[in-house]
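K.L.:
What shape does this take:
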Amino acid sequence: MNDDLHPHEQPSLPARPMPGPWPHAVQSQVNRILVQPHFVEHEEQAALLRCLVEEALANPQAEFSIDALSRQIFNETGGENEQRLENAYRSLRETLIAYYRDKGRNDPVLFTLSETAVGIAITANDVRLDQDEIDADAERSAVLPKDRPINIYAMIAVFVMVLAVSVYFFGLDDLTTGPTGPESITDVGPSGQRLHSIAVMPFETDPGNPAGGFFAAGIAGELTARLGRITGLRLIAPETMRRVGIHERSPEKIAKDVDSRYLLQGKLARERNTLILDLELLEAKNGDSVWRRRYERNLEAAPALYADIGNAVAAELARRGGATATPPPPPSSAPKREPTDDAIMVHPGAYTTYLKARTAIAENRHGTLAQSITLMHASINRDASLPRAHSGLAAGIVALAGYGFERIAPHAGMTTAKKAVVDALRLNEYYPEPYAYLGVIRTVDEWDWEGAERAYAYAIRFNPSYADARLLYSRFLEALGRRRDAIDQAERAHVLNPASPETHANRAWQYLQAGWLKRAREHFTAVRKAHPRSWLGPWGLGHYHWRRGDLDEAIESVEEAVEAGTDNTLTLATLGHLYGLANRKQKALDVLRRIQMIGETRYVSPVHIAAVHAGLGNHDQVFDMLDKALAGRAYGLAWINATKEFDSLHATPRYRAVLERMKLTPPERRP
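P.N.:
The predicted structure is shown next:
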């Protein structure tokens, strides 16, 4: 944390609860070790390890006695048995050292046996993977070599881009040939494989259980995330399914609205720590049931439950042609480490807290995002072995520091988020979510453009239905000026999450950035109509009118956006800039003072203040703010080349110096 920051510029991350001992994490670590082949063959060492851990947990200050341990392990004492115990102890110590050097190097809990006397120390593993090791782990999984294009869709995109660019330079956005519907972009997978589109509907639950709503929503979201990793399936995002009303509507109508061939519906009951889930897969075109099954599982085995459901659904659909339950073979002969997330055992209390945190993230308001961070910390403190809790912590922090919010000082926030991402990846490098947020961190905090794109590639490869990853990747491509690629990912994100105002507005925004003005206007208008309380629609329309040269219309639309997004300094910055361009200097200064007043109580991005000064023509103040943004790694700085507010600065040496520090190239100027 930078102690030189103004007090109100310090990050406002919720305080992390005091970490306590993790008894369930310790037990999970014991189970993880004892299933290793060595311990299966050496029962004495396995029994000794379990005994040492149990005694240490029961009485951390206890001194171990060879005689007592011999009695517990062998049910008898004596010189011969004590020698056997000492031999087993030495072998166990050497085995654990070797295990932690290799397979267990990233395990969250360490067991260290004393060299001089019989004893065990149980500690958290504070070793963090560095970025080189993250990349090495991912590449050992044969996901995507550094020198390979982002994915096979890039080959298709080259052809589409040539045609689209030709039309683009003629200004005929009506004739562009970008993807126009799900059939052209997400229903056909690699090698022409036909995909099965599925929407997981919110599960029904007991109306008398007040906690049932978040629990059922969380389980549905987790199942959707797991299904999205299965080759041959296209999953509709949980956000869309939460927004689409399901009561008094036929399955056919729901499936048509979200463009899905199948609906997975179910009823969830919870009896203490037992989940009872009745599931049914419906074919949308006729409402017929094609698969039905009841599952009764302990909550501790929830990850295995999601895997079993996914494999059963995939097997049924594979019988109908298309989906496969296992991923395709790796493209190289590099050894592939098997993911272990499906076998992980979770602490019921920690997992319930985690699901509450996921619900808070889904609401996507600054208050609920702050709450999610606190809840994720609490979940991790109870059980540090759940990768999605660590990645969920990063998701909450990145959202609170990011686009449309920017409520916390980004560098401090991104540092915390990066630790959470690394913790998630050291537990399982196959989870897509940590890679998506690693991409954001590398973009806005490290300005590592190549590394960021590689991270997005991993996220999308591990889950092609991950709408948020495609949304974030689209914005990354926008920052680099790769407009056609940005549109491609924006359209895919929108198809996967059609009811989201963010994905719909981003789609319209990428059209606008490419100069497809009519199409952008149509979609921003649709966003404003579908989401009247969101600032995204009118803000985008303001930019549309600005591009058309109508400042009065632009100001009117952005004023509407400011009213919709209370204390949103991004919309205020746009409004102040437009006031400056329209020679309404006093109004621009009023906006500037309003932003500065907000900065007295919370973090405000210097980029937003710089935008207002740019509209007023105060170039010295603009660069003072940009220097401050560089020092603090302000979130919006990564999009400086794509931000119209700074167009007038592009030819200046100071602007080029800013780009040089960020390892960016000057934006191309259209003739």
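K.L.:
How about the contacts made by the residue positioned nearest the centre of the chain?
P.N.:
With distances taken as Cα atoms, centre = their mean, the residue of the chain nearest its centroid is Glu433 (3.9 Å). Contact analysis of Glu433 by Cβ atoms under 8 Å, 6 or more residues apart in numbering lists 225, 388, 391-392, 394-395, 424, 459, 466, 469. C-betas here are computed from N, CA, C, even on glycine.
K.L.:
Let's see that with 6 Å instead.
P.N.:
Residues in contact with Glu433 (Cβ atoms under 6 Å, 6 or more residues apart in numbering) are Ser391.
K.L.:
Heading C-terminal from the helix or strand harbouring it, find the next helix or strand.
P.N.:
Taking DSSP states H and E as the definition, one finds Glu433 inside helix 432-444. As assigned by DSSP H and E, the chain's next helix or strand after helix 432-444 is helix 449-462.
K.L.:
quick check: angle from the next helix-or-strand element following that next one to helix 432-444?
P.N.:
Once the chain leaves helix 449-462, the next helix or strand it forms, by DSSP H and E, is helix 467-479. Helix 467-479 runs at 20 degrees relative to helix 432-444, counting by axes from the mean of the first three to the mean of the last three Cα atoms, to 10 degrees.
K.L.:
Can I get the helix or strand just after helix 467-479 in CSV? Just the C-alpha atoms.
P.N.:
The first helix or strand that comes after helix 467-479 along the chain, using DSSP H and E, is helix 483-496. Below are the C-alpha coordinates for helix 483-496, written out as CSV (Å, rounded to 0.1, in the frame of the first residue of the first chain):
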residue,chain,number,x,y,z
ARG,A,483,-11.8,-3.6,-33.2
ARG,A,484,-13.0,-6.5,-35.3
ASP,A,485,-11.7,-9.1,-32.8
ALA,A,486,-13.3,-7.1,-30.0
ILE,A,487,-16.6,-7.2,-31.8
ASP,A,488,-16.3,-10.9,-32.3
GLN,A,489,-15.8,-11.6,-28.6
ALA,A,490,-18.5,-9.0,-27.6
GLU,A,491,-21.0,-10.8,-29.8
ARG,A,492,-20.1,-14.2,-28.3
ALA,A,493,-20.4,-12.8,-24.8
HIS,A,494,-23.9,-11.3,-25.6
VAL,A,495,-25.2,-14.6,-27.1
LEU,A,496,-24.0,-16.4,-24.0
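K.L.:
and helix 483-496, what does it pack onto?
P.N.:
Counting contacts by 3 or more Cβ pairs under 6 Å, 6 or more residues apart in numbering; DSSP states H and E, helix 483-496 is packed against helix 153-169, helix 182-185, helix 467-479, helix 501-513.
K.L.:
among those helices, which gets the worst mean confidence?
P.N.:
Ranked by mean pLDDT, the helices and strands packed on helix 483-496 bottom out at helix 182-185, with a mean of 34.
K.L.:
Between helix 449-462 and the helix holding Glu433, find me the angle.
P.N.:
Computed by the same axes, to 10 degrees, the angle separating helix 432-444 from helix 449-462 equals 160 degrees.
K.L.:
average pLDDT across the helix ranked longest in the chain?
P.N.:
Counting residues, the longest helix in the chain under DSSP state H turns out to be helix 79-101. For helix 79-101, the mean per-residue pLDDT is 85.
K.L.:
next one: stretch 27-42
P.N.:
78.
K.L.:
List the buried residues for that stretch?
P.N.:
Residues 27-30, 32-34, 39, 42 are the ones in stretch 27-42 that count as buried (16 or more other Cβ atoms under 10 Å).
K.L.:
Can you add distance to Val607 and give these back as CSV?
P.N.:
Below are the buried residues of stretch 27-42 laid out as CSV (distance: Cβ to Cβ, whole Å):
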residue, distance to Val607
Gln27, 48
Ser28, 43
Gln29, 44
Val30, 50
Arg32, 45
Ile33, 49
Leu34, 53
Phe39, 55
His42, 60
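K.L.:
Contacts only, for Asp567.
P.N.:
Taking Cβ under 6 Å, 6+ apart, one finds Ile598 in contact with Asp567.
K.L.:
Provide the secondary structure category for it.
P.N.:
coil (DSSP: H, G, I helix; E, B strand; the rest coil).
K.L.:
Check what pLDDT it gets.
P.N.:
Asp567 is assigned a predicted lDDT (pLDDT) of 80.
K.L.:
so what's Leu263 bridging to?
P.N.:
Ala199, Leu282 (DSSP bridges).
K.L.:
okay, now it: neighbour count?
P.N.:
Neighbours of Leu263 under the rule other Cβ atoms under 10 Å: 23.
K.L.:
where's it relative to Leu227, distance?
P.N.:
Applying Cβ to Cβ, to the nearest Å, the value for Leu263 to Leu227 is 13 Å.
K.L.:
With Tyr635 as the reference, measure out to Glu406.
P.N.:
The value you get for Glu406 to Tyr635, if Cβ to Cβ is used, is 6 Å.
K.L.:
Please apply the same query to Thr571.
P.N.:
Remark: distance between Thr571 and Tyr635 (Cβ to Cβ) = 15 Å.
K.L.:
Equivalent analysis for Leu471, please.
P.N.:
Distance, Leu471 to Tyr635, by Cβ to Cβ: 15 Å.
K.L.:
Same question for Val444.
P.N.:
Val444 is 5 Å from Tyr635, by Cβ to Cβ.
K.L.:
Mind checking which of the buried residues of stretch 27-42 are in helices?
P.N.:
Per DSSP H, helices hold the following members of the buried residues of stretch 27-42: 27-30, 32-34, 39.
K.L.:
Report the mean per-residue pLDDT for stretch 587-600.
P.N.:
Rounded mean pLDDT across stretch 587-600 is 94.
K.L.:
can you give me how far that stretch is from the chain middle?
P.N.:
Put simply, stretch 587-600 sits 33 Å off its chain's centre (Cα atoms, centre = their mean, to the nearest Å).
K.L.:
mind exporting it as PDB, just the C-alpha atoms?
P.N.:
Output in PDB follows, covering the C-alpha atoms of stretch 587-600 (Å, rounded to 0.1, in the frame of the first residue of the first chain):
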ATOM      1  CA  LYS A 587     -21.100  23.600 -15.900                       C
ATOM      2  CA  ALA A 588     -17.900  21.700 -16.600                       C
ATOM      3  CA  LEU A 589     -16.300  23.300 -13.600                       C
ATOM      4  CA  ASP A 590     -19.400  22.300 -11.500                       C
ATOM      5  CA  VAL A 591     -19.000  18.700 -12.600                       C
ATOM      6  CA  LEU A 592     -15.300  18.900 -11.800                       C
ATOM      7  CA  ARG A 593     -16.000  20.100  -8.300                       C
ATOM      8  CA  ARG A 594     -18.600  17.400  -7.800                       C
ATOM      9  CA  ILE A 595     -16.100  14.700  -8.800                       C
ATOM     10  CA  GLN A 596     -13.600  16.200  -6.400                       C
ATOM     11  CA  MET A 597     -16.100  16.200  -3.600                       C
ATOM     12  CA  ILE A 598     -16.800  12.500  -4.200                       C
ATOM     13  CA  GLY A 599     -13.000  12.000  -3.900                       C
ATOM     14  CA  GLU A 600     -13.100  13.400  -0.400                       C
END
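K.L.:
Going forward, the N-terminal residue is numbered 284.
P.N.:
I'll keep to 284 as the first residue from here, and by that count the last item is stretch 870-883.
K.L.:
buried residues in it?
P.N.:
By neighbour count on 16+ other Cβ under 10 Å, the buried set for stretch 870-883 is 870-871, 874-875, 877-878, 881-882.
K.L.:
Also stretch 818-833?
P.N.:
Within stretch 818-833, judged by 16+ other Cβ under 10 Å, the buried ones are 818-830.
K.L.:
same thing with stretch 751-764?
P.N.:
In stretch 751-764, counting by 16+ other Cβ under 10 Å, buried: 751-764.
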